[in-house]
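>>> sequence and predicted model, in that order:
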Amino acid sequence: MKVQKEQISDYNKKDLESHNENFDFLANKLSKQGHNVSDIVTKLAKFQVAIPSWALGAGGTRFGRFSFYGEPSNLEQKIEDVGILHSLTQTAGAISLHIPWDIPSDYNAIKEKASALNIKFDSVNSNTFQDQKDALETYKYGSLSNVSKAVREQAIQHNLDVINIGDKLGSKSLTVWLADGSCFPGQNNFQTAFQNTQNSLIDIYKGLPSDWSMLIEYKPYEPNFYSTVIQDWGASLMLANGCGDKAYTLVDLGHHLPNSNIEQIVSILQLKGKLGGFHFNDSKYGDDDLTVGSIKPYALFLIFNELVYGMQNNPQNPDLAWMIDASHNVKDPLEDLIQSLEAIQEAYAKAMLIDQSALKAAQLDNDVVKCQEILQEAYRTDVRPLLEKARLNGGGVLSPIDAYRTLNIREGLIKERGKNTVATGL
Ligand code: PSV
Ligand code: MN
């Protein structure tokens, strides 16, 4: 299924006039405050977030999974779904594959399909947290950290295979997230597990093409509950440094213990030129994988403040691989992803409105109240007309959720694919 250009322009007609009014009003106000509105709109349009290939079907918990019907049952259909998201929002111009869930059977056909929809292949993700059918070794007690050399070698080889698959598609980075750790005290020797992981990562790193990078994701717990080998950004950074210049830390918003100051982590990693990737989601307790911005939108804004600062002031840090990493248990996955994409753009736009020079002056004066005022002045601005303008300029819709429903997209997908399809993933 594909959303046609005419459907989009027909849909936009009803709200075009009020959009123009709202945009002009806001643009006028922001220009008077000294903002370069067209520059902000251009930056919003450029900001593309990858959709994970495993998040297009219903998620689930260990208690159950409830289908939304019309789910994509193969990689082609997953790319079509991302195409739908991208044509509506103009901000989902990439897909991130998880291997072996999404190994292409025909590389040329997959590449053609993606490029026809204007979709790039972002970072490829390896999977050594599940045993694969016919695998000789088991990951039950870890993969890259395992006490068994044979298990480590199997996990290393899998990562090298993933690089090879990604290379054929045009990806430029490998994301490694390990479930490795222990559930009980005494089960693991922390130092041995860490050292094994470092050595395994170095072996994978050696297999990276010259223009690739390796992104090392951390997580404090789950599925192991007593210890995780790469539990925080410090562990990830040490491992990245141990590999070399092309290895970076990847921050997933859900992978922190409660009340962690994620914006500070992001800031320091950029200062050190070591923030390579980002997984967006939101959470109340832990790795809840909820819609971005649904629980703590102000925290997201503060994180974006640091990201914008880093993008402007830290040339030592590379361009980041942005991805949504969420699970959709009670919402239509495509609607959930649209809401996440909007929340990301909204936080980004608000962060770009922060008056950085006034903030710096207030910081030098130790004017704590003023500092807060400056941040919140930006946060309280309704930036949605800017997002609409960026979408409109790119050929997208003014209101993505409303358009998705008005154009009966889920109904169309169910008609095309039926009710019994299941997308691969968790
Ligand atoms: C692990 O919780 C994680 O955040 C990693 O990025 C995985 O690859 C992904 O989720 C799998 O759903
Ligand atoms: Mn993640």
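Here it is on my side, so go on. Numbers count the residues shown, from 1 in each chain. Ligands and ions are numbered 1, 2, ... in the order given.
>>> give me the pLDDT for the closest residue to ligand 1 within the stretch 51-200 of the chain.
Going by CB to the nearest ligand atom, ligand 1 is nearest to residue 177 of the stretch 51-200 of the chain, at 3.8 Å. In short, each C-beta sits where N, CA and C put it, glycine included. Turning to residue 177, the model gives it a pLDDT of 98.
>>> wait, doesn't it sit right on residue 214?
No - judged on CB atoms under 8 Å, residue 177 makes no contact with residue 214 at a distance of 11.8 Å.
>>> looking at the two, which has the bigger crowd around it?
Neighbour count, other CB atoms under 10 Å: between residue 177 and residue 214, residue 214 has more, with 26 against 22.
>>> for the residue nearest to that one when sequence neighbours are not counted, grab phi and psi.
Spatial nearest neighbour of residue 214, excluding adjacent residues (CB to CB, 6 or more residues apart in numbering): residue 247 at 4.5 Å. Main-chain dihedrals, residue 247, degrees, to the nearest 10: phi -110, psi 140.
>>> just residue 50 next, same as before
phi -70, psi 140.
>>> does residue 269 lie in a helix or a strand, and which?
Per DSSP states H and E, residue 269 falls inside helix 262-271.
>>> and the chain, which residues reach ligand 2?
252, 279, 325 (CB under 5 Å from the ion).
>>> ok, now which ones touch the last one?
Counting by CB atoms under 8 Å, 6 or more residues apart in numbering, residue 325 makes contact with 52, 55, 252, 254, 279, 280, 281, 289.
>>> please name the residues that touch the third one.
Meaning residue 252. Under the criterion of CB under 8 Å, 6+ apart, the neighbours of residue 252 are 177, 217, 218, 219, 278, 279, 281, 287, 325.
>>> where exactly do the strands run in the stretch 101-250 of the chain?
120-121, 124-125, 173-177, 181-182, 213-217, 227-228, 247-252 (DSSP state E, counting those that start in this stretch).
>>> those: which one's closest to residue 361?
In terms of CB to CB, the element of the strands of the stretch 101-250 of the chain nearest to residue 361 is strand 247-252, at 29.4 Å.
>>> mean confidence (pLDDT) on that closest one, please.
On average, strand 247-252 scores 98.
>>> quick one: it to strand 173-177, angle?
Per axes from the mean of the first three to the mean of the last three CA atoms, to 10 degrees, the angle that strand 247-252 makes with strand 173-177 is 60 degrees.
>>> that older thread, adding distance to residue 139, write the residues of the chain next to ligand 2 out as CSV.
Shown next, in CSV, are those (distance: CB to CB, whole Å):
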residue, distance to residue 139
252, 20
279, 21
325, 20
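>>> residue 237 is in contact with residue 272, correct?
Yes - in terms of CB under 8 Å, residue 272 counts as a neighbour of residue 237; the distance is 7.4 Å.
>>> higher neighbour count, the two?
residue 237 (21 against 16).
>>> contact partners for residue 301?
347, 350, 351, 378, 379.
>>> residues from this protein in reach of ligand 1?
54, 125, 177, 217, 219, 252, 279, 287, 325, 426 (CB under 6 Å from any ligand atom).
>>> from those residues, which two are the most distant?
54 and 219 (16.1 Å).
>>> low pLDDT regions in the chain?
Filtered on pLDDT under 70, the chain yields the residue ranges 426.
>>> so the residue positioned nearest the centre of it, which of the three states?
Note on the chain: the residue nearest the mean C-alpha position is residue 323, at 1.6 Å, using CA atoms, centre = their mean. Assigned with DSSP: H, G, I helix; E, B strand; the rest coil, residue 323 falls in the strand class.
>>> now do the closest residue to it other than its chain neighbours against residue 317, distance only.
Spatial nearest neighbour of residue 323, chain neighbours left out: residue 50 (4.2 Å); criterion: CB to CB, 6+ apart. Here the distance between residue 50 and residue 317 works out to 18 Å (CB to CB, to the nearest Å).
>>> those two - which one has more neighbours?
Between residue 50 and residue 317, counted using other CB under 10 Å, residue 50 has the larger neighbour count: 26 against 19.
>>> so what's that one up against?
92, 94, 95, 96, 122, 123, 321, 322, 323, 324.
>>> quick one on the thing from earlier: which among the contacts of residue 301 end up buried?
347, 350, 351, 378, 379 (16 or more other CB atoms under 10 Å).
>>> in helices, which of these fall?
Residues of the buried ones among the contacts of residue 301 located in helices (DSSP state H): 347, 350, 351, 378, 379.
>>> put together JSON lines for these, with distance to residue 311 on each row.
Output for these, formatted as JSON lines (distance: CB to CB, whole Å):
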{"residue": "347", "distance to residue 311": "14"}
{"residue": "350", "distance to residue 311": "15"}
{"residue": "351", "distance to residue 311": "10"}
{"residue": "378", "distance to residue 311": "16"}
{"residue": "379", "distance to residue 311": "19"}
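>>> which pair in these spans the largest distance?
The widest separation within those (CB to CB) is 10.4 Å, between 347 and 378.
>>> what about residue 341, helix or strand, and which?
helix 333-352.
>>> surely residue 310 meets residue 263?
No - using CB under 8 Å, residue 310 makes no contact with residue 263, being 10.5 Å away.
>>> looking at those two, which has the bigger crowd around it?
Between residue 310 and residue 263, residue 310 has the larger neighbour count (other CB under 10 Å), namely 21 against 18.
>>> pretty sure that one sits in a helix.
Yes - under three-state DSSP, residue 310 sits within a helix.
>>> what is the burial count for the nearest residue to it once chain neighbours are set aside?
In this structure, residue 310 finds its nearest non-sequential neighbour in residue 270, 3.4 Å apart by CB to CB, 6+ apart. Residue 270: 21 surrounding residues under other CB under 10 Å.
>>> so residue 270 touches residue 312, yeah?
No - counting by CB under 8 Å, residue 270 sits too far from residue 312 to count as a contact (10.3 Å).
>>> where's the residue with the largest distance to the centre of the chain relative to ligand 1, distance?
Each residue of the chain has a distance to the centre, and by CA atoms, centre = their mean the biggest one is for residue 365: 36.9 Å. Separation of residue 365 from ligand 1 (CB to the nearest ligand atom, to the nearest Å) stands at 41 Å.
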